[in-house]
Every structure is written in C-alpha cells, then in structure tokens.
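K.L.:
here is the input, now give the coordinates:
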Amino acid sequence: MDRVKSSMQQVPNAIPKVIRRTGGASSLELEKENFERGQAVSINKAINTQEVAVKEKHARTCILGTHHEKGAHTFWAAVNRLPLSSNAVLCWKFCHVFHKLLRDGHPNVIKDSMRNKADLTDMSRMWGHLSEGYGKLCSIYLKLLITKMEFHIKNPRFPGNLQMSNRQLDEAGENDVNNFFQLTVEMFDYLECELNLFLGVFSSLDMSRSVSVTAAGQCRLAPLIQVILDSSHLYDYTVKLLFKLHSCLPADTLQGHRDRFQEQFKKLKSLFYRSSNLQYFKRLIQIPQLPENPPNFLRASALSEHISPVVVIPAESSSPESEHVVETDDLVDTDIPALPAAVETKFDDLFGTSAAIDPFNFNSQNGMRKDDKDRLIEQLTREIQALKEELESFRLESGRLCQALRGRVSELEAELAEQSHLRLQAVGESEFLKAELDDLRRVREDTEKEQRSLTEIERKAQANEQRYTKLKEKYTELVQSHADLLRKNAEVTRQMTVARAAQDEVEAVRKEMQEKVKAAHEAADRQEREQVDQLQELQRELVSSRAELDSLKTSMASSQQSTEVLGTQLSALESEKAELVQTLSKVEAELAARGEELERVQSSLATERESGVKTAEALQNQLNEKESREQALESQLVAARWSSLQGAVDEAEKIIKDSLAQIDDPAHISCTSSADYLASRCQASLDCVGRLHSARDAFLADNTGVSELVRVVTQCGHLVGDTIVQGSATSHMVPVEQADALSESVKLCGAEALSLLGHMKQQDGLAAVDDGKLRAALEAILATAEKLRPRGLELQQGELGDLVEQEMAATSAAVESAAARIEEMLNKSRAVDTGIKMEVNERILGSCTELMQAIKELILSSKDLQRDIVESGRGAATMKEFYAKNSRWTEGLISASKAVGWGATVMVDAADLVVQGKGKFEELMVCSHEIAASTAQLVAASKVKADKDSSNLHRLQQASRGVTQATAAVVASTKSGKSQIEETDTMDFSSMTLTQIKRQEMDAQVLVLELETRLQKERERLGELRKKHYELAGVAEGWGEEEEGTG
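P.N.:
Numbers count the residues shown, from 1 in each chain. Next up, the predicted model:
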C-alpha cells in the first residue's frame, strides 16, 4: 500500500483522471475554501489587540491574497467581523495593514474599499473625540487613508505605490495647465495628511527614551515606513509640477503654492532627519535626506539641480516564501505522510513515472477507497496552490530587489553628477580668483602713481559739487511740478484702462468656462475609451497567464544574473565616487589656500582702495564734464520751465474740452444745478482770471517764477470747466428761451478760454495775451445766473409779509368755499337719491364736512401760533421785517398754506363726481391723504420756531390730530360706501355652461396679469413723479443753495 500511495503521489498523469472522475467544481470550491481560511487566519494574526508591530509575513500573505482574487472582498469580509470601534490598538493595526494593501495590493483594492468609505469616515469621527493615545492617532490615520483612496479615484493613472516616470506624470495632467494646477493642490492635501500622521506619532512618543526598541514604540512607528515611501514620491512630483506650472503661469499666481510648499518642505525635512536617527528605522529602511534649501522655482534651470529622493528598503534576512509555506502547512492537515526523496527516486528508476503503463499501479485493481482519492486530490491541489503563491512571491521579491537596485544606481549617478558639477564650479572659481588677484596688483600700481595729484583735484571737485547741488535742487523742483501734472493726466487714463480691463476679464472668464465644459466632455469620453481598453487588456492577460507561468522560471534565472551585473556596476560606481571625493577635497584645499592669499592682498589694499576710489584722470574728466553739465543744465532748466508751463496749459485745455464735450452728452441732460451755485462758480473763475493776469506779468519779469503761473493756469482750467458744466446743468431747470441764452454764453466762455490758452502756448505771444474776452463771457454768465435766482429771494420785506397774510387768508377762503359746496351737494343728494346710494352719499359728504371743520380749526390755531412766534421773536422790528429776516421759514408757511387750500378744492371736486356717479372712490381717498400730508406740513412749518410750552402749540397739535381722525373717517366711509355699492352687483353663474365658465376664468386670469403689470408700471411712475416733485420743490425753495452754503 505504501508503494501504491507513493506511485500516486509521483505520477502526474493520475491527477487529471481523478479530477475527471470527481468533477472540477468540488476542487474549485475546496480551493476557494482553503484560500478564504488561510486569508482569515493571516488577517486575524496581523490585526490583533497586542501592542506589537504587524509581522511582515502576515501582511504579505494578505497582499498576495488580493492579487490572487484580484480584489479585496475577502479582506473586507474578515475585517467587518472585527471590533474596530471598541479597541484602538486593533484599529491602529488595521490601518497599517490596509495602508499596505492600498500600496502593494491589487489595483482593484482601492475600488472595492470605496464602498466602506462612509464607515471609515464615521470611525475617524468617533476616534477623533479622544485627545490622546491610539484614539487620536487612529482618527488621523483614517483621514489619511480616506484621502489616499479619494486621490487615486480622482487620478486613476497613479498606482497605489505612487511610482511613475516623468512621461507618465505628464500624461496624468493631459498637458493641460489647469489639470496640473488642480493636481498640485490635491498632492499638497495628500502630503499634508501624511505629515499630520508623522507629527502625531512623534508627539505621542517620549523621545527622551529609546522607544524604538520597545514593542509598544515599534507598534506606533511601523506604519511610518509606508508614510515615508508615499511622502518621498509626493515631494518629488510636487517639485516637478511646480516647475512646470512656473513655466506656464505668472509667478504671482503661484505665490500660494510656493508658500505652502515652503511650509511642507520644512516639516518633511525635519521629520526625515528625526526618523533617520531612530534605531528601528536604520535596519528596515534607508531614509533620504532633503537638500538644505528648497528649490528656487523662479529660476527654470534649478530643475536640473533637483535630485529625486530615493527610499531604499534593504533585503530581508528571512525569505518570505519559507514563512508563507510554513503558514500554509500549519493550515493543512493530511493523513498521507510524504515519503523520503530517495525512496521516491528509487521507485521511479525501477518502475517508471507513467501511471497509464505502470504494471504495478493497483489503483484500478484493488479498488482504492474514495476517501484516499479525495485526500490525494486535496493534497495535490494544496501543493499547486502553494507553488503558485511561492512563484508569485518570487516574482514580487525579484521586482522589489530590482527596483531597490535601480534606485541605488540612480542615487549614485545623481551624486556623481553633483560631484562633477562641484568640481567644474571649483575650477571656475579658481580661475576667477587668479584674474581678480592680477587686477588688484595692477590697481595698486596705478594708485601709487595717482595719489600725489589727488588733493588738489579734490578741492576743485568740492567747489563744483556745491554749484551742481544748487542747480540740481532747482531742477528737482521743476521736475516735481511737472510730475504732478503728469499724475493728474495718468489718473484719467488709468480709469479708462481699468474699465477696458474689466470688460476683457469678463470675456476671458466666459471663454475659460466654455473651454472647461468642453474639456470635461472630452475627459469623460476618453475615460470611457480607456475603460474599454483596460477590459480588453485584462482578457488578453487572462489568456497569457499560463504562458507567463512557464516562462517565469527562466526570467528568475535572468533576474539573478542581472542582479549580479548591477552589483558589479554598484561597486564600480562606489569606487569612482571615492576618487571624486578625494579630488574634491584636493580642490577645496587649493581653493582655501588661494582664498587666504586673496584675503591678505585685500587687507593690504583696503586703505589704498578707499583713498584712491577716484583716480586723477577720472577726476579731471569729471571736472570737465561738470562744467559742460552746468551749461547744459542751464539750458535744460529754461526748457523745463517752459515745458512745465506747456504741460499745465495742455492739461487746462483738456479739462475745458472735456467740459464742452459733457454738455453735448445725452447723459448730461439729467444733471441739474441751481443759479446760486452757478453764480458762486462764475465769481471764483473771475477771481482766478485776475490771478492769472498777475502771474503772467510776474513770469515775464522773472522767468524763474514759473511755479505760480503753472498753479494758476491749472486752477483756472478747473474753475472755467466747472462753470461750463454747472451752467449747462442750470439750463436744464429754466425756461427754454433762458436756457438757450445760457447755453450760448457757456459755449462762448469755453471758446474764449481755449483761445486764451492757445495764445499762451506760443512763447513769443505770451506777452500779448488778452484775457478781457474771457472775463466778459464769465460776467455775462454771472449776470444770467443773478436773473435766474428764485423769486422768493428777491421779494421786498413788505411783499413777503403781505404774501404770508394773503396765502393764509386764501387758504381759509378755500376751506370755507369747500365746506359750502359740500353742504350744497348734501342737500342736492337728499332730494334726488334714494336707498343705498343716498345713505352712501350722506355718509361720505358728512365725513368730508367734518374734515373741513377740522381743517378750519387747524388754520385758526396756526394763525394764533404764528402771531405768538412773531411777537416773541421780532423784538423792536415790525412783523414784516421779521418775516423778511426769516425768509426760509416764511416760504415754508406759504407753501404749506397753498397745499392745504389746493387739497380742499380738489377733494370737493372729487366728492362731487362721486356723488354724481361719475367719479372714483379711490380719487376721494387719495385727496384725503394729500390733505393730511399738507396739514402735517403746515403744522411742522408753524411749530418749528414755536416755544414748546406755548398753549397755542398744544392747541395746534390737538387740531392736527383732529384732522388726522377726520381724514381716516373720510377714507373709512369711502371704502364702506364702495363695498356696499359693489355688493349690489352680484355675480350669477347659474346660466353659464362649463365651457363658458372656463372661458371666463381664462379672461379673468389675463385681466389679473394685465392689472398686475399695469400696477407695477404705475408704482414706478409714482416714484419718478415724487422724485421730480422733490427736485422742483427744492429748486423753488432753495434747498440746494442751503446745502452749498453749508458745504
């Protein structure tokens, strides 16, 4: 039986026969069950509550499992059964293993893990409530893992281990600067999470003790190996992307990127340095050191000086394959013991290896039990699985070793290039120092010759320097005045430029948004095509996987040979590096010696160089130049004076031309001004013309006094231009005949001003300039403005006082007349109307009669209060003199009285139409509100100068409240009457069909929309009317003049 079992284990052709008999489905299920059991054991051993670092063999088994099943379903099925939310150490070790899977596992691990993103986010938020210990670290680590998954989902071109070539990095951005910009921001966020975990782990350890040799310390430090690997790649890609962005975008746009990179560079350099000093990392990983200073992105050539940091992981002492095999053997329990190799070989030599022709194969003769066959199949299946995993492990290990050796070679090549660069730089500096030493020797010889004549030349130079300083001060004053004029001109130009730039910017933003939308559509199409290509590629890989298994052994042998060749190249590069170091030390020693010699020479020549800065020949030339420069400055000074005057004249011409252009602008029609303000502007312009005449005479007598003339010319241009604009604005508020005359005067004034400035441009005609015509034009405008002043300002004392009495008497008469008409209408309505109409008319006319009585009482109270005000404030003056002295207050009383009388008359007319059935109730309500407003104006004008303790004031206020109540009664009775009349007109829809009702409903909706639109337009029109009424009232009563006077 032993020989039969041995022959069955050795014969390869027996396996397919057994499988055909038992069926392939059961073997696949058994293989899957064994795989899941092995993965569960490895995951539970890797992720446990013991505060020790995760063993590499368990993590590697989990990684190989993801490649075997091409995903992470088994891993998450096992992890979801673990109490990660209740034990912080368990969650910390889960994060470590999950990080390894994201980096080295199958690419589908990231996609499968995104389904658990919400659970990871909730777990991170839960652990974030703890402020110390593993809880806080778990929260930071989970945020890092979520950020890593999101980054790879957004950028699927980046593998989990972030290893990419420069060409692949360019393809990831699709040669679009916007994509590179966004990718750089995402890498900054990614690296920020890595640094936060780095700092969190270091801050949780007591660095004063050797924590890296304890199990608890290693448990916290172990995940940092993955962080170091990610950080080195992120730093390298960030540097390359920033150089690419600086070649396409302005430096100011990328200021935020540079600041953020500087901050992360300092943190990463410090953390790499601290990590390299820990004993735990020295035997596991070789951490690179970043340069002393960050790259200078403003200098494009600095990219060639950038050295990519390479992290090297030394080869492990124990092979992971043996550990994996032991782990698998622990899981397998077989009843058939393995025979010694010598016995199997001997049996093969005697009987052969083919089960089909073996005469001693008693499998079909003695009827082997079915259990023995199944066990044999299971054993052989497990061996095949173990061989596959061993083969995969060999391939991963060889790839890792090749990558490490390539990184080492790249690092040595970079060091070699740096040493060569330093050697060339040292040779260049040596040649430069030699040349400088020869120059210093020649300067010393020349200085000794020129020292003797230096003293006499210095005295002459000092005298010339004083004269030059005086001329320079005068010239500076002229330049300053000219610069002021240029700044004013530049201000207007800048405003136009800003407006054009804003319009261009809006257009550019619109085009940019269109391009982004187009790029998004193209990216979506491209991604769909890539997914189809990936599916086809996966199918091709599935077909070629068996052929790859056969050729893998051959590739392993070649990889070992390439490893030996790379080792030989590595030793050669190290020897060459040692030679370069020796050469560099020699060059540095030579440079140091020459530097000392240069310092000695410089110290001996320091005093001589200070005393001999100016050689004798140079000083003599300078003396001659200064004499010629004085003459040139004199001519320049005269030209500058005339140039500054011409600049001021040009500026004044521009201002006046701009003012003349404004009065023809259609937008200027809405501008208004008062006659008083126009008169003040004309008077100021006349005064400035007088000062211009005086300044011109002073300049003709002494041309050094040009500054005063420049100042007066500029001021005169401003004042005349303002007069032109204000004159045109005033013409918009006066009758047509006066407006035309004023416009002609304004245009004549502008023409005369331009003629005067044109004569001042000619140097010969400056003395013959005549400002009489301009003065006459300004005086004509001033006379017109005096005529256009409000009438109230021209009234005599007697006229103003009589006007107050007349208006108050007219208001009383209007109220009396209105009350009589209302009484007459009431009697007429009682005789003609009956029923509801008579009741409505009586109620409305009765409330109107009460309102007239209240207004009459208000006017009487206002007269009594005005009498008290005049008696208490006039002193020895008469009543008319008091009214004239307080003309503004008097005009307010007149305006309020007119409004009350007018309102009473209009309300009576509206009530008459309502009673006759021809008017609208709304007109009566509006008239009531206008009367209330007018009486309020009269009360305000009356009590503005009254004593607050006056009895007549209290009586006036009580009368005002009576008017308000009476107005409310009029409005209420009007509304009530309107509703009663409208109720009589009932709507009867009983005789209408469904179609007619629907038609009426549609007509009603159309009417509602039309009325709403009309209501909105009428409200806007009402607002414009009120605004215009306010402006006209202000002009009539001089409000604008009071504001200008106070200003």
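K.L.:
can you tell me the SS state at residue 919?
P.N.:
What DSSP: H, G, I helix; E, B strand; the rest coil gives for residue 919 is coil.
K.L.:
any figure for the gap between it and residue 978?
P.N.:
Residue 919 sits 11 Å away from residue 978, going by CB to CB, to the nearest Å. Bear in mind the C-beta positions are built from the backbone N, C-alpha and C, glycine included.
K.L.:
of those two, which one has the most company?
P.N.:
For residue 919 versus residue 978, the count of surrounding residues by other CB atoms under 10 Å is larger for residue 978: 18 against 15.
K.L.:
before we move on, which element is that one in?
P.N.:
For residue 978, the element it lies in under DSSP states H and E is helix 951-984.
K.L.:
what helices or strands is the very next helix or strand once past that helix leaning on?
P.N.:
Counting by DSSP H and E, the next helix or strand C-terminal to helix 951-984 is helix 994-1037. Counting contacts by 3 or more CB pairs under 8 Å, 6 or more residues apart in numbering; DSSP states H and E, helix 994-1037 packs against helix 887-916.
K.L.:
buried ones in the helix or strand following the helix it packs on, by neighbour count?
P.N.:
Sequence order places helix 921-943 as the next helix or strand after helix 887-916, per DSSP H and E. Using 16 or more other CB atoms under 10 Å as the test for burial, helix 921-943 gives 921, 923-925, 927-928, 930-932, 934-935, 937-939, 941-943.
K.L.:
with only the CA atoms kept, save stretch 236-249 in PDB.
P.N.:
Provided in PDB are the C-alpha atoms of stretch 236-249 (Å, rounded to 0.1, in the frame of the first residue of the first chain):
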ATOM      1  CA  ASP A 236       9.300  64.700  -6.000                       C
ATOM      2  CA  TYR A 237       6.200  65.000  -8.100                       C
ATOM      3  CA  THR A 238       5.200  68.300  -6.300                       C
ATOM      4  CA  VAL A 239       8.600  69.800  -7.200                       C
ATOM      5  CA  LYS A 240       8.300  68.800 -10.900                       C
ATOM      6  CA  LEU A 241       4.800  70.000 -11.200                       C
ATOM      7  CA  LEU A 242       5.600  73.400  -9.600                       C
ATOM      8  CA  PHE A 243       8.500  73.900 -12.100                       C
ATOM      9  CA  LYS A 244       6.100  73.000 -15.000                       C
ATOM     10  CA  LEU A 245       3.500  75.500 -13.600                       C
ATOM     11  CA  HIS A 246       6.000  78.300 -13.300                       C
ATOM     12  CA  SER A 247       6.900  77.800 -17.000                       C
ATOM     13  CA  CYS A 248       3.300  78.400 -18.000                       C
ATOM     14  CA  LEU A 249       1.800  80.800 -15.400                       C
END
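K.L.:
rewinding a little: so for the helix holding residue 978, mean pLDDT?
P.N.:
The average of the pLDDT scores along helix 951-984 is 77.
K.L.:
now that helix, how far from the chain's geometric center?
P.N.:
Relative to the mean C-alpha coordinate of its chain, helix 951-984 is positioned 59 Å out (CA atoms, centre = their mean, to the nearest Å).
K.L.:
packing partners for that helix?
P.N.:
Helix 951-984 packs on helix 835-873, helix 921-943, going by 3+ CB pairs under 8 Å, 6+ apart.
K.L.:
to residue 262, which of these lies closest?
P.N.:
Minimum separation from residue 262 across the helices and strands packed on helix 951-984 (CB to CB) falls at helix 921-943, 67.8 Å.
K.L.:
could I get the pLDDT score of residue 885?
P.N.:
Residue-level pLDDT assigned to residue 885 equals 61.
K.L.:
tell me which stretches of the stretch 401-550 of the chain form helices.
P.N.:
Residue ranges of the helices in the stretch 401-550 of the chain, as given by DSSP state H, counting those that start in this stretch, are 454-611.
K.L.:
now the helices and strands packed on helix 951-984 in a markdown table, with distance to residue 54?
P.N.:
Shown next, in a markdown table, are the helices and strands packed on helix 951-984 (distance: least, CB to CB, whole Å):
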| stretch | distance to residue 54 |
| --- | --- |
| helix 835-873 | 96 |
| helix 921-943 | 86 |
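K.L.:
out of these, which comes closest to residue 949?
P.N.:
Between the helices and strands packed on helix 951-984, helix 835-873 lies closest to residue 949; by CB to CB that is 11.1 Å.
K.L.:
now that closest one: buried residues?
P.N.:
For helix 835-873, using 16+ other CB under 10 Å, the buried residues are 837, 840-845, 847-852, 854-859, 861-866, 868-870.
K.L.:
next, the angle helix 921-943 makes with it.
P.N.:
10 degrees (axes from the mean of the first three to the mean of the last three CA atoms, to 10 degrees).
K.L.:
give me the mean pLDDT for helix 835-873.
P.N.:
77.
K.L.:
same question, stretch 918-938
P.N.:
So the average pLDDT for stretch 918-938 ends up being 76.
K.L.:
give me the contacts around that stretch.
P.N.:
844, 851, 855, 858-859, 862, 892-893, 895-897, 899-900, 902-904, 906-907, 910-914, 960, 963-964, 967, 970-971, 974-975, 977-978 (CB atoms under 8 Å, 6 or more residues apart in numbering).
K.L.:
out of the helices and strands packed on helix 951-984, which is closest to residue 482?
P.N.:
That would be helix 921-943 among the helices and strands packed on helix 951-984, by CB to CB, at 56.6 Å.
K.L.:
run a quick neighbour tally on the closest residue to residue 681 other than its chain neighbours.
P.N.:
Using CB to CB, 6 or more residues apart in numbering and skipping the chain neighbours, the partner closest in space to residue 681 is residue 723 (4.6 Å). By other CB under 10 Å, 29 other residues sit near residue 723.
K.L.:
ok, residue 760 to residue 706 distance?
P.N.:
12 Å.
K.L.:
try residue 959
P.N.:
71 Å.
K.L.:
so which of the helices and strands packed on helix 951-984 gets nearest residue 719?
P.N.:
Closest of the helices and strands packed on helix 951-984 to residue 719 is helix 921-943, at 37.7 Å (criterion: CB to CB).
K.L.:
tell me the angle of that closest one relative to helix 951-984?
P.N.:
170 degrees.
K.L.:
using PDB, write out every CA atom in helix 921-943.
P.N.:
Output in PDB follows, covering the C-alpha atoms of helix 921-943 (Å, rounded to 0.1, in the frame of the first residue of the first chain):
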ATOM      1  CA  PHE A 921     -63.900 106.300  -4.800                       C
ATOM      2  CA  GLU A 922     -60.100 106.000  -5.000                       C
ATOM      3  CA  GLU A 923     -59.700 109.600  -6.100                       C
ATOM      4  CA  LEU A 924     -61.500 110.700  -2.900                       C
ATOM      5  CA  MET A 925     -59.300 108.600  -0.700                       C
ATOM      6  CA  VAL A 926     -56.100 109.900  -2.400                       C
ATOM      7  CA  CYS A 927     -57.300 113.500  -1.900                       C
ATOM      8  CA  SER A 928     -57.900 112.800   1.800                       C
ATOM      9  CA  HIS A 929     -54.400 111.500   2.200                       C
ATOM     10  CA  GLU A 930     -53.000 114.600   0.400                       C
ATOM     11  CA  ILE A 931     -54.900 116.900   2.700                       C
ATOM     12  CA  ALA A 932     -53.500 115.000   5.700                       C
ATOM     13  CA  ALA A 933     -50.000 115.400   4.300                       C
ATOM     14  CA  SER A 934     -50.400 119.100   3.600                       C
ATOM     15  CA  THR A 935     -51.800 119.800   7.100                       C
ATOM     16  CA  ALA A 936     -48.900 118.000   8.600                       C
ATOM     17  CA  GLN A 937     -46.500 120.200   6.500                       C
ATOM     18  CA  LEU A 938     -48.400 123.300   7.800                       C
ATOM     19  CA  VAL A 939     -48.100 122.100  11.400                       C
ATOM     20  CA  ALA A 940     -44.400 121.400  11.000                       C
ATOM     21  CA  ALA A 941     -43.700 124.800   9.500                       C
ATOM     22  CA  SER A 942     -45.700 126.500  12.200                       C
ATOM     23  CA  LYS A 943     -44.200 124.800  15.200                       C
END
